[in-house]
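In: model this:
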Amino acid sequence: MVKILVVEDSKSLNSAIKSLLEEKRFKCTSAFSLQDAKKNLDKEAYDYIILDLHLEDAQGEELVDKINSYKDSKIIVLTSSEDEEIRSKLFVKGILDFLNKKESIEDNINEIVNFINDIEKNKENSILIIDDSTVIQKQLQDILTPRGYKLYSSMTGIEAYQILKKENIDLVILDLELPDIHGLKLLKNIKKNINKNLSVVVLSGNYDAKTYRESLKQGASDFIKKPFLLEEVLLKVEIQVNSIRKDIEINRNVNLLNQYKETVDLTNIVSKADINGNITYVNKKFEEISGYKKEELVGKPHSIVRHPDMGKEFFKDLWKTIKENKKPWVGKLKNKTKKGSTYYVDTVINPILDKNGNIIEFIGIRRDITKKELKKVQLREKYLIKSEEFDEVLRLSEYYEKAMDKSSIIIRVSKDFKIIYVNDNFSKMTGYTKDELVNLHYSKIIHKDNDVINMLRIVDEIKINGLWKGKLKGFHKNGKELHFITTIVPIKDRNDETIEYMAVRNDITKVEELHKELENTQKEIIYKMGEIAETRSKETGNHVKRVAEYSKFLALKAGLDEETAQLLNLASPMHDIGKIGIPDSILNKPGKFTAEEYEHMKEHANIGYNLLNTSDRKIFKAAAIIANEHHEKWDGTGYPRGLKGEEIHVFGRITAICDVFDALAHDRVYKKAWPLEKILKLLKEEKGKHFDPNLINLFFDNLDEFLELKKCFKD
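Out: Now for the predicted structure:
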């Protein structure tokens, strides 16, 4: 935690500064005189000193010199004086900045916070000073060193060139009048041979138009005339460094988005269209499923693949959703290929909006469900067959029996669960021969998840309903897990007594494996969506993973079943997805929000809900609830709806505890991580206020397990 010593003789002002800085999560100590300050500095080191220039026992330069004898601290001066001569002298002595007492205390505090944050970032930036004057070298080092930059220096162009080739330099301060080479020639060589994007600030005693023009022409980012004001140098260096950071952040985000695009392109059928619906982009999978080449599709409307069965009314509703309402459309589409065959896709079409809410383009992401839909059609047609004559029914039944035996996996067992018969498909699927299976007790080949007690329950259901249909697990002789859709019917004698059971199975092992893969992919995408929001707010990607694991664990402890707890686990990473709709200026503000900014920030709950609630998927429905309700409070003082107690969905109540616990336990843009004791104290204090008291009790009852989960997902 950053430690600050506030040296100010006004007790009221000192107290106000200390209090406001502590709200920003800094550790502060007050001193009211030079003697007080020295006593504190003798006892411990401080990262920063907020120093009033006029104390009872010392003032001005003398005061700064005495404080400067403690080398570890960085000084920010608090004064009402605007004397430029004093400012220049103190900058040379390493003062970081001046704050004017005439400004509001809140503004000064925000400046301090921003300044400290910038200095912490400066440790990552390196500056090379190229100047043959030892005086200027010292001046620049005196003002830049306290700001945390990594500094390099050179008095010749040749030496500077070698440093630039060897070290990763972010910014160069370049004197044009060097002993071995003119600065402009050196600048040209640097830009051509080392780094064309390197930021360079030129220093020169000549400020004529030609020199200025040539400097910019050769790639200089800025120009400073000698003799210079130290504050001018500091300001221009700060501007260049901030520009470098923004470029790095932009490049990082572009790279991240390109990776997301590549992932989506590899796993989905993707197209883009302009505002009029004309195709502007298709990926390889779109070409493969449609049979068209990209050149045949771009510039055409999507109706080129529309199936005749899809009526105009259907697409009116689709266009109304995406174009008029500007909301995502989710549904199933029946399309036709270039050769005229049918294919089906689960589809999401999303309008992409600019900052003014105008549609830029539409993006469609699809998943091929053709096999599944064609199977539905076949089954529907199959069971519409009717017969009027007995002989015809008998003949058909023989055909059906033969067809079933060839196409399905069949097993018959006695009432005491001994295997009576298996067909060839059963043997082929399981790896057992018929001789190995007949007369074997069925319990020898069932999966551990489907024990004999479960089989007895199935028998009871058959007695009530006349059959049982559902999923069963089995295993191959080699141990591989198998999955089946199974229909079990009783075989009865003429007295209507059950003599055996016949199970007709359809192998869905590949479907289940694909489902598991899709589920894992979906889970990864959900994590990525949560991470996008966290990255925008400069929070860690592992935050969403930890909240997901905490939430599932607490849900199980609260008595929710495994399926519901798993649903919460999958959905909770998107709790803050609405932050993608909040401007960076608010989202990443290190200081305290204004009332207007806070109201804007609170909108992320509704943004997340509106983004997710349009989907029919259970996960996204659950995520919509969490996004909308995890900021509600037990006593009704939360947002966005002021829900109270059990009016708040249990998903929201669970996620609220897990989110706050993890957020406080890790660094954020506006704070350092809290110690565990302080976090636990807050959770206890907010029991029955912010948080569900029963859930808080469960949290503390299982605290050790929570801390173990926290260790598993370190940043």
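In: Give me the distance between His600 and Ala656.
Out: Going from His600 to Ala656 by Cβ to Cβ, to the nearest Å gives 21 Å. From N, CA and C alone the C-beta is placed, and that goes for glycine too.
In: ugh, typo on my part, it should be Glu232
Out: For Glu232, the distance to Ala656 (Cβ to Cβ) stands at 49 Å.
In: quick one: which of those two has more around it?
Out: Ala656 (26 against 12; other Cβ atoms under 10 Å).
In: In three-state terms, how would Lys38 be classified?
Out: helix (DSSP: H, G, I helix; E, B strand; the rest coil).
In: And the next helix or strand past the worst-scoring helix or strand of the chain on mean pLDDT?
Out: Least confident helix or strand of the chain, by mean pLDDT, DSSP states H and E, is helix 390-407 with a mean of 57. Counting by DSSP states H and E, the next helix or strand C-terminal to helix 390-407 is strand 409-414.
In: Now do that next one, average pLDDT.
Out: When pLDDT is averaged along strand 409-414, the result is 88.
In: Show me the shaky parts of the stretch 51-200 of the chain.
Out: Residues of the stretch 51-200 of the chain meeting the criterion pLDDT under 70: 71-72.
In: now swap in the chain and tell me
Out: 71-72, 260, 375-405, 407, 449-453, 494, 514-541, 668-670, 715.
In: May I ask you to name the longest helix in it?
Out: helix 230-267 (DSSP state H).
In: list the helices and strands that one packs on?
Out: helix 84-92, helix 105-122, helix 134-144, strand 171-175, strand 199-204, strand 222-225, helix 509-536 (3 or more Cβ pairs under 8 Å, 6 or more residues apart in numbering; DSSP states H and E).
In: Pull out the buried residues from the shortest one.
Out: Read that as strand 222-225. Buried positions in strand 222-225, judged by neighbour count with 16 or more other Cβ atoms under 10 Å: 222-224.
In: Let's have these in JSON lines, adding distance to Val172.
Out: Below are the buried residues of strand 222-225 laid out as JSON lines (distance: Cβ to Cβ, whole Å):
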{"residue": "Asp222", "distance to Val172": "11"}
{"residue": "Phe223", "distance to Val172": "13"}
{"residue": "Ile224", "distance to Val172": "12"}
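In: and of these, the nearest to Ser199?
Out: Asp222 (8.4 Å; Cβ to Cβ).
In: so that closest one sits right up against Tyr212, yeah?
Out: No: in this structure, Asp222 is not within contact of Tyr212 by Cβ atoms under 8 Å, at 10.5 Å.
In: Need the contact partners of stretch 652-663.
Out: With contact meaning Cβ atoms under 8 Å, 6 or more residues apart in numbering, stretch 652-663 is reached by 539, 543, 546-547, 550-551, 554-555, 558, 568, 572, 575-576, 625-626, 628-634, 679, 683, 690-692, 695-696, 699, 706, 710.
In: let's see 6 Å
Out: Residues outside stretch 652-663 that contact it (Cβ atoms under 6 Å, 6 or more residues apart in numbering) are 543, 546-547, 550-551, 554-555, 572, 575, 626, 629-630, 632, 691-692, 695, 699.
In: Break this structure into its domains for me.
Out: Domain ranges of the chain: 3-120, 123-251, 268-376, 385-507, 512-712, per automatic domain parsing.
In: Of all those domains, which one is nearest Leu257?
Out: Closest among the domains of the chain, using Cβ to Cβ: domain 512-712, at 9.1 Å.
In: mind checking the end-to-end distance for that closest one?
Out: By Cα to Cα, to the nearest Å, the extent of domain 512-712 from end to end equals 29 Å.
In: Stretch 203-223 too?
Out: 6 Å.
In: Go through that stretch and flag the buried ones.
Out: Buried, per 16+ other Cβ under 10 Å, within stretch 203-223: 203-204, 211-212, 214-215, 218-223.
In: Let me have these in a markdown table, extended by distance to Glu596.
Out: Listed next are the buried residues of stretch 203-223 as a markdown table, based on distance: Cβ to Cβ, whole Å:
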| residue | distance to Glu596 |
| --- | --- |
| Leu203 | 43 |
| Ser204 | 45 |
| Thr211 | 47 |
| Tyr212 | 42 |
| Glu214 | 47 |
| Ser215 | 43 |
| Gln218 | 45 |
| Gly219 | 42 |
| Ala220 | 40 |
| Ser221 | 35 |
| Asp222 | 35 |
| Phe223 | 39 |
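In: out of those residues, who's nearest Lys101?
Out: Asp222 (31.2 Å).
In: what's the distance between that closest one and Lys463?
Out: 87 Å.
In: Next: Ile420.
Out: 20 Å.
In: which of the two has more neighbours?
Out: Ile420 (16 against 11).
In: Validate this expectation: His357 resides in a strand.
Out: Just to correct that, residue 357 is Gly rather than His. No: under three-state DSSP, Gly357 sits outside any strand and is assigned coil.
In: Leaving out sequence neighbours, find the closest residue to it.
Out: Leaving out its chain neighbours, the residue that sits closest to Gly357 by Cβ to Cβ, 6 or more residues apart in numbering is Lys326, at 7.2 Å.
In: Stretch 286-298: end-to-end distance?
Out: 12 Å.
In: roughly how far is that stretch from the heart of the chain?
Out: In terms of Cα atoms, centre = their mean, to the nearest Å, the gap separating the centre of stretch 286-298 from the centre of its chain is 33 Å.
In: Which positions in that stretch come out as buried?
Out: Buried-residue list, stretch 286-298, by 16+ other Cβ under 10 Å: 286-287, 289-290, 292, 297.
In: Now, those that are in helices?
Out: Those of the buried residues of stretch 286-298 lying in helices (DSSP H): 286-287, 289-290, 297.
In: so is Thr614 in a helix, a strand, or just coil?
Out: Under three-state DSSP, Thr614 comes out as coil.
In: pretty sure it is touching Asn325, no?
Out: No: judged on Cβ atoms under 6 Å, Thr614 makes no contact with Asn325 at a distance of 9.7 Å.
In: More neighbours: these two, which one.
Out: Thr614 (18 against 12).
In: tell me the contacts of the residue nearest to the more buried one when sequence neighbours are not counted?
Out: Closest residue to Thr614 apart from its sequence neighbours, by Cβ to Cβ, 6+ apart: Pro328 at 5.4 Å. When contacts are counted by Cβ under 6 Å, 6+ apart, Pro328 touches 348, 350, 614.
In: now, which of the residues you listed sits nearest Leu41?
Out: Distances from Leu41 to those, taken by Cβ to Cβ, are shortest for Asn350, at 58.3 Å.
In: Just to be sure, that closest one is in a helix?
Out: No: membership of Asn350 in a helix is not supported by three-state DSSP, which gives strand.
In: what about it, neighbour count?
Out: Using other Cβ under 10 Å, Asn350 is surrounded by 18 other residues.
In: What are the phi and psi values at the nearest residue to it once chain neighbours are set aside?
Out: Leaving aside its chain neighbours, Asn350 sits nearest to Pro328 (4.5 Å; criterion: Cβ to Cβ, 6+ apart). Dihedral pair for Pro328: phi -70, psi 150, per degrees, to the nearest 10.
In: Could I get the contacts of Pro328 in TSV, plus columns for distance to Arg367?
Out: As requested, these are exported to TSV (distance: Cβ to Cβ, whole Å):
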residue	distance to Arg367
Val348	9
Asn350	15
Thr614	17
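In: For Asn255, state which of those is nearest.
Out: Asn350 (22.3 Å).
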